[in-house]
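Engineer: Predicted coordinates and the sequence they were generated for:
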Protein chains: 2
Amino acid sequence: MVNIAILGFGTVGSGVAEVLTRNGGLIDRRVDDLVRLKYILVRREFPGSPYQERFVRDFSVIENDPEVDVVVETMGGIDAALEYTTRALKAGKSVVTANKELVAAHGYELLRLAKEHGRGYLFEASVGGGIPILRPLTSCLAANELSQVTGILNGTTNYILTRMIQAGLTFGQALEEAQAKGYAERDPSADVDGHDACRKICILAALAFGRHVYPDQVETQGIRAVTLEDAGYAASQGYQIKLLGRAIRQPEGRVMAFVAPHLVPGGNPLSGVEDVFNAIAITGDAIGDAMFYGRGAGKLPTASAVVADIMDIAKDLRRDHRNSWEEGAPDLVVSPRELASPWYVRAGAREGELQAALGQLQPLSRAGAPAGETAAITAPMTQPQLEERLAGLEVRSRFRVLA
Amino acid sequence: MVNIAILGFGTVGSGVAEVLTRNGGLIDRRVDDLVRLKYILVRREFPGSPYQERFVRDFSVIENDPEVDVVVETMGGIDAALEYTTRALKAGKSVVTANKELVAAHGYELLRLAKEHGRGYLFEASVGGGIPILRPLTSCLAANELSQVTGILNGTTNYILTRMIQAGLTFGQALEEAQAKGYAERDPSADVDGHDACRKICILAALAFGRHVYPDQVETQGIRAVTLEDAGYAASQGYQIKLLGRAIRQPEGRVMAFVAPHLVPGGNPLSGVEDVFNAIAITGDAIGDAMFYGRGAGKLPTASAVVADIMDIAKDLRRDHRNSWEEGAPDLVVSPRELASPWYVRAGAREGELQAALGQLQPLSRAGAPAGETAAITAPMTQPQLEERLAGLEVRSRFRVLA
């Protein structure tokens, strides 16, 4: 018998309870043991819930029950989640979570604590929702020296960008629609300003390259600056605008990591990832390019990943369920400024002027473009090179192009 | 110390040796043990090979060496591969392979033998080359009741179809090009007649649904009947023609499995999978839809998957590395005839005639279509329904449409 306690009963917590219950037979058979949901820690009443007799309001009941093997933290945020995760690990329980904010901020210390106590700290659901990505990264791709991870990591922004491109909505209109559909929160800044994608690329970078990358080390730009005009110019040559989280291996063990809108060429499989879907592309020295695609959020997809982690632990409570990485460092993360790439530039300038400043260009067009505006794609160059060449021009937008 | 013996030194075998050597430090660190390549079983000379002192010509040297923990079978085919795999498992060694033909024909008995001897039989590389798919299916998606697996499982045919669509080559021209590039064999029938895809969908179906599916139970149609005309009509409405292997859960524990060319609509992520790339889409009750994409063949991608299996075993030699499924049965597999789907039909008939026979149609057009030819997409119906309605018409092509 393996006993589970869920902390929190919001979208993810109730989804985990639902999957554990609905697929219970299948789960027990595959784990070859009985996986039982013993407690759910709640703060308020849920009248009529079928889980009534499992509700507890005091974490110490869970902490002090030696029968509890796995604690599933679905509270979100940092403070209480950090406290309860720490206490659970110290009490000899493994912890599973979808809490990307906590993992990105405190993953290193919590993984170390888990190791000290011979328990697991697993968080497959923290990146890409239901998409299997962390376990493939650490297990199926373990024979590879990975060089790059590139992801569409936030479903809300991908939905907004898709609607701007396909339905001609402005950013504001698309955001309102996403809020009406429940894809975006009332305060959308964690999504649209890129913070959510930033936390996820931190976790991916840490697993791929082996050291903790902190969110405040990662240059993060959201999608507020992307306009309908930019989407139109991009589409004229088959580009899609996507918010990408990127992590690139650097010499001497360092890591380049950043989040920014990019133009993605039509031939790249990331360009076809639409609506709320997420995708993570990786490059390794043996496998070459591979991509993982699916629903990056939602109750049941996220619960699917959480329960897979629970089953992994339940199959063998004593095994080393290694997620692991080393300590971060202030000089670990390299700014993307020196990364040479083609750039998309839209400027209040004639094509000749822009060409004089930037050299060889691939011009872009769109219906209804105002006179005196030019948009184009440059040859590869670094950000300082671009900025120097654009000095004195009226630049309206500029984004990297994924090469 | 974990000692490895590779059987065979062709593309896959030499790739495995290369990855084990090149990424040795990284592999030892991640396994937390020394992984050593001790033997390579060869039948001929390889003058100048750096692995000279590891070559042996007699399998019994490997079989009888108690230091050998993992045997990597890369010989391909059935006869000797089956014999050596059986002997290795009986001698208490785990076996890793990329041999889809052997797994599809004898997976059940070899998995049972491995279990009896407390060893692992792993074959991640047998489907999708380097793409992590089998382990995600059995591990990351373990909380799901899976309902469907749909795959572009053969890179050679996908290359041929891509070239027909994008460059306007005939099937014969595209095949010649694929042979010139080394993507297709001199005798291409295992690829173009769908046998390779059939073996892979058998393995996926067995892992997804739990019972052995034999290749001769799976209706298999290759791509020889796909014409440039069909590709043209399909493209007019954004469809791509893809050879799909499909497995669909049926009531009472049965399985529908088949291989056939399909028209895939532009919005489906499988439609963007081009050239020699493979992709496998799965549907589960919790995760919804997910897709795995990458290089389905090639020396290093395949070796990447083989070495991941080796590492998985090396980390814990005694653990149950469960790939497992139950025995097959003559009545397990259901024919796709009763699967209702839209159909693509091209016939020597006027649109009115075709509509009279088939009812509501979505007409397709192409430049240079001869007078008196109509191509269209039907409403969903089963194969017998379609055949009955088409009786008496001059049908030139007909393929399923992936709904």
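Structural biologist: Ah, there it is. Just so we're clear, the structure is a prediction, and the values are computed from it rather than from any experiment. Residues are numbered from 1 along each chain as shown, chains lettered A, B, ... in the order given.
Engineer: Sticking with A:Arg396, tell me its helix or strand.
Structural biologist: strand A:395-401 (DSSP states H and E).
Engineer: got the contact list for that strand?
Structural biologist: A:225-227, A:229-230, A:239, A:241, A:260-265, A:341-348, A:373, A:375, A:377, A:386, A:390 (CB atoms under 8 Å, 6 or more residues apart in numbering or on different chains). The way it works is simple: take the backbone N, C-alpha and C, and place the C-beta from them, glycine included.
Engineer: Spell out which parts of the stretch 51-200 of chain A neighbour chain B.
Structural biologist: Taking CB under 8 Å from any CB of the partner chain, the part of the stretch 51-200 of chain A that reaches chain B is made up of A:124, A:130-132, A:135-136, A:139-145.
Engineer: Counting neighbours, which of the residues you listed comes out on top?
Structural biologist: With neighbours taken as other CB atoms under 10 Å in any protein chain shown, the top of these is A:Gly130, carrying 31 neighbours.
Engineer: now the residue in chain A sticking out farthest from the centre, what's its secondary structure?
Structural biologist: For chain A, the largest distance from the centre (CA atoms, centre = their mean) belongs to A:Gly352, which lies 40.5 Å off. The local conformation at A:Gly352, judged by DSSP: H, G, I helix; E, B strand; the rest coil, is helix.
Engineer: and A:Arg135, what element?
Structural biologist: Per DSSP H and E, A:Arg135 falls inside helix A:134-135.
Engineer: What lies in contact with the helix or strand following that helix?
Structural biologist: Heading C-terminal from helix A:134-135, the first helix or strand you meet, by DSSP H and E, is strand A:146-152. By CB under 8 Å, 6+ apart, the residues outside strand A:146-152 that reach it are A:127-128, A:137, A:158, A:197, A:200-201, A:204-205, A:208-209, A:242-249, A:270, A:273, A:277-285, A:296, A:402.
Engineer: which of the residues in strand A:146-152 are buried?
Structural biologist: A:146, A:149-152 (16 or more other CB atoms under 10 Å in any protein chain shown).
Engineer: Repeat that for stretch A:311-328.
Structural biologist: Under 16+ other CB under 10 Å, the buried positions of stretch A:311-328 are A:311-315, A:317, A:321-325, A:328.
Engineer: could those go into CSV alongside secondary structure, distance to A:Gln217 and pLDDT?
Structural biologist: Shown next, in CSV, are the buried residues of stretch A:311-328 (DSSP: H, G, I helix; E, B strand; the rest coil; distance: CB to CB, whole Å; pLDDT from 0 to 100):
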residue, secondary structure, distance to A:Gln217, pLDDT
A:Met311, helix, 34, 95
A:Asp312, helix, 30, 92
A:Ile313, helix, 30, 93
A:Ala314, helix, 35, 93
A:Lys315, helix, 36, 88
A:Leu317, coil, 35, 78
A:His321, coil, 27, 66
A:Arg322, coil, 24, 69
A:Asn323, coil, 20, 81
A:Ser324, coil, 20, 88
A:Trp325, coil, 14, 95
A:Gly328, coil, 8, 97
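Engineer: Which ones among these also lie next to chain B?
Structural biologist: Among the buried residues of stretch A:311-328, proximity to chain B is found for A:311-312 (CB under 8 Å from any CB).
Engineer: ok, of the buried residues of stretch A:311-328, which one's closest to B:Thr85?
Structural biologist: Nearest to B:Thr85 among those, counting by CB to CB, is A:Lys315 at 25.4 Å.
Engineer: Spit out the contact partners of the closest one.
Structural biologist: Taking CB under 8 Å, 6+ apart, we find A:Lys315 in contact with A:31-33.
Engineer: Restricted to helices, list those.
Structural biologist: A:Val31 (DSSP state H).
Engineer: which of the contacts of A:Lys315 count as buried?
Structural biologist: Burial by neighbour count, judged by 16+ other CB under 10 Å, picks out A:31, A:33 from the contacts of A:Lys315.
Engineer: Tell me the one of the contacts of A:Lys315 nearest A:Val68?
Structural biologist: Checking the contacts of A:Lys315 against A:Val68 by CB to CB gives A:Asp33 as the nearest, at 14.8 Å.
Engineer: thinking that closest one is in contact with A:Ile4, fair?
Structural biologist: No: when contacts are counted by CB atoms under 8 Å, A:Asp33 is not listed as touching A:Ile4 (11.8 Å).
Engineer: before we move on, the earlier item: could you find which two of the residues of the stretch 51-200 of chain A next to chain B are furthest from each other?
Structural biologist: Based on CB to CB, the longest span within these runs between A:Gly130 and A:Glu145 and measures 27.7 Å.
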